[in-house]
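Peer 1: Predicted model and sequence follow; I will ask about them next.
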Amino acid sequence: GAGVSQSPSNKVTEKGKDVELRCDPISGHTALYWYRQSLGQGLEFLIYFQGNSAPDKSGLPSDRFSAERTGGSVSTLTIQRTQQEDSAVYLCASSLSPYEQYFGPGTRLTVT
Amino acid sequence: QKEVEQNSGPLSVPEGAIASLNCTYSDRGSQSFFWYRQYSGKSPELIMFIYSNGDKEDGRFTAQLNKASQYVSLLIRDSQPSDSATYLCAWNSGGSNYKLTFGKGTLLTVNP
């Protein structure tokens, strides 16, 4: 079946602009996660959605970051007033259990 | 601060050797542990997970967990050049929150 998809694959934006990143999880997966990976670094947790529960936003680095998940499926991560330190690969994952998270191909964000 | 520390890399082994990757964690509340493989420019893929003390084997891979000493390791037997990648360890705290905390990763190179 289809895996996790993300769009766009690459995004170049100017400092101060807003960006939206999209994630389509695997059909039927109740949990959805956003992580980011800066160059040479491990993955940093951003936000986690589980079913109809309130999302765990504990990893969002500032109030410029927000995310929503509509209809328990597609999710959008929004970064307002982008800064150069926001440049990273943003990875989305989905899962049906605690043991297997499937990652999408990521969106490479470059803020100039 | 809840952290995952991985043994410093990069690690280089000859083809056919055993590669040993180690990870220590600081949070005794950690429940489940994961090893992911990430090829350059690609997203992470799950190799295996472990949540009970002891060894868990899957093909050429063996995960070892020692909760008393707070470490988890991954052994790769008969290493192949195709195993060359960054290996990320991660944990979650169990319960209903599936989010993962990742280490920074160890770059493994298997030389033909």
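Peer 2: Good, I have the coordinates. Numbers count the residues shown, from 1 in each chain, chains lettered A, B, ... in the order given.
Peer 1: check contacts around residue A:84.
Peer 2: A:15, A:111, A:112 (CB atoms under 8 Å, 6 or more residues apart in numbering or on different chains). For the C-beta atoms, the positions are set from N, CA and C on the backbone; glycine is no exception.
Peer 1: If you go by neighbour count, which of those are buried?
Peer 2: For the contacts of residue A:84, a burial check counting by 16 or more other CB atoms under 10 Å in any protein chain shown picks out residue A:111.
Peer 1: Could you tell me which of the contacts of residue A:84 are located in helices?
Peer 2: Assigned to helices by DSSP state H, none of the contacts of residue A:84 qualify.
Peer 1: following the host helix or strand of residue B:5, which helix or strand comes up?
Peer 2: Secondary structure assigned from DSSP states H and E places residue B:5 in strand B:4-6. Note on strand B:4-6: by DSSP H and E, the next helix or strand toward the C-terminus is strand B:11-14.
Peer 1: residue boundaries of the helices in chain A?
Peer 2: Counting by DSSP H, chain A contains no helices.
Peer 1: Against residue A:9, how distant is the residue nearest in space to the middle of it?
Peer 2: Among the residues of chain A, the one closest to the centroid is residue A:34, at 3.4 Å (CA atoms, centre = their mean). Residue A:34 is 16 Å from residue A:9, where distance means CB to CB, to the nearest Å.
Peer 1: Kindly report the residues of chain A close to chain B.
Peer 2: Contact residues, chain A versus chain B (CB under 8 Å from any CB of the partner chain): A:31, A:33, A:35, A:40-45, A:48, A:50, A:53, A:56, A:59, A:91, A:95, A:97-106.
Peer 1: Now list the buried members of those.
Peer 2: Using 16+ other CB under 10 Å, the buried members of the residues of chain A next to chain B are A:31, A:33, A:35, A:42-45, A:48, A:50, A:56, A:59, A:91, A:95, A:98, A:101-106.
Peer 1: Next, the buried residues of the helix-or-strand element of chain B with minimal mean pLDDT.
Peer 2: Within chain B, no helix or strand scores below strand B:4-6, which has a mean of 75 by mean pLDDT, DSSP states H and E. For strand B:4-6, the neighbour count (16+ other CB under 10 Å) marks B:4, B:6 as buried.
Peer 1: ok, now stretch A:68-81?
Peer 2: Using 16+ other CB under 10 Å as the test for burial, stretch A:68-81 gives A:69, A:75, A:77, A:79.
Peer 1: And residue A:35, what's its pLDDT?
Peer 2: As predicted, residue A:35 sits at a pLDDT of 97.
Peer 1: thinking residue A:15 is in contact with residue A:111, fair?
Peer 2: Yes: at 5.6 Å, residue A:15 counts as touching residue A:111 under the criterion of CB atoms under 8 Å.
Peer 1: which residues do the two both contact?
Peer 2: With CB under 8 Å, 6+ apart, residue A:15 and residue A:111 have common neighbours A:82, A:83, A:84.
Peer 1: For the second one, give its distance to chain B.
Peer 2: Put plainly, it is residue A:83. 22 Å (CB to the nearest CB, to the nearest Å).
Peer 1: Count the neighbours of that residue for me.
Peer 2: Applying other CB atoms under 10 Å in any protein chain shown, we find 12 other residues in the vicinity of residue A:83.
Peer 1: Would you mind listing where chain B has pLDDT under the threshold?
Peer 2: Along chain B, segments meeting pLDDT under 70 span B:1-2, B:8, B:30.
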